[in-house]
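Okay, here's the prediction I keep looking at, along with the sequence it came from:
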Amino acid sequence: TPLDAAALAALADAAPAIVDLNLANTELDDAALASIGNLPTVTHLRLARNRLTDATLADLAALPALEHLNLYGNAGITDSGLAALAKSGTLREAFLWQTAVTPDGAARLREQRPGLVVDIGTPTTAAQ
């Protein structure tokens, strides 16, 4: 179900109190996600099957408590954007299946962030 402006505004108002947020299948693009604003306490963020691109990854990586990020099915997420995710000091798991992330890109992210689980949906690349 797409989120309308009122729903995005409500999320923005509640942002400081959100810990676990599931926005899968809501037709979010980078601008709509940015309109929610900072999510200072979110630890789990599910953004599967939306229209997000690499442009949003720096903002996601800057979330101070984010540990689990699911970007499954966002075709605009590529190897180029992974450098931004590498800068997150709190991220422990990144789910990137059915994106444009390649096994080589996932391996580079793992090298940059040892201990980060990067899952692109294949058995050989899901391990650390």
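Received, thanks.

name the helices or strands packed onto the host helix or strand of Ser35?
Using DSSP states H and E, Ser35 sits in helix 30-36. The helices and strands touching helix 30-36, judged by 3 or more Cβ pairs under 8 Å, 6 or more residues apart in numbering; DSSP states H and E, are helix 5-14. Every C-beta, even on glycine, is put in place using the N, C-alpha and C of the backbone.

what packs against the helix it packs on?
helix 30-36.

ok now the helix holding Ser35, how far from the chain's centre?
In terms of Cα atoms, centre = their mean, to the nearest Å, the centre of helix 30-36 is found 13 Å from the chain centre.

which residues touch the helix or strand just after that helix?
Next helix or strand after helix 30-36 toward the C-terminus (DSSP H and E): strand 44-46. Strand 44-46 is contacted by residues 19-24, 39, 60, 63, 66-70 when judged by Cβ atoms under 8 Å, 6 or more residues apart in numbering.

Let me see the residues that make contact with the helix or strand in which Leu57 is found.
Under the criterion of DSSP H and E, Leu57 resides in helix 57-61. Residues from elsewhere that reach helix 57-61 (Cβ under 8 Å, 6+ apart): 33-34, 45, 66, 69, 77, 81-82, 84-88, 91.

Am I right that Leu21 falls within a helix?
No: counting by DSSP: H, G, I helix; E, B strand; the rest coil, Leu21 falls outside a helix, being strand.

ok now do it, which residues does it touch?
Applying Cβ under 8 Å, 6+ apart, the residues contacting Leu21 are Leu11, Leu39, Val42, His44, Leu45, Arg46.
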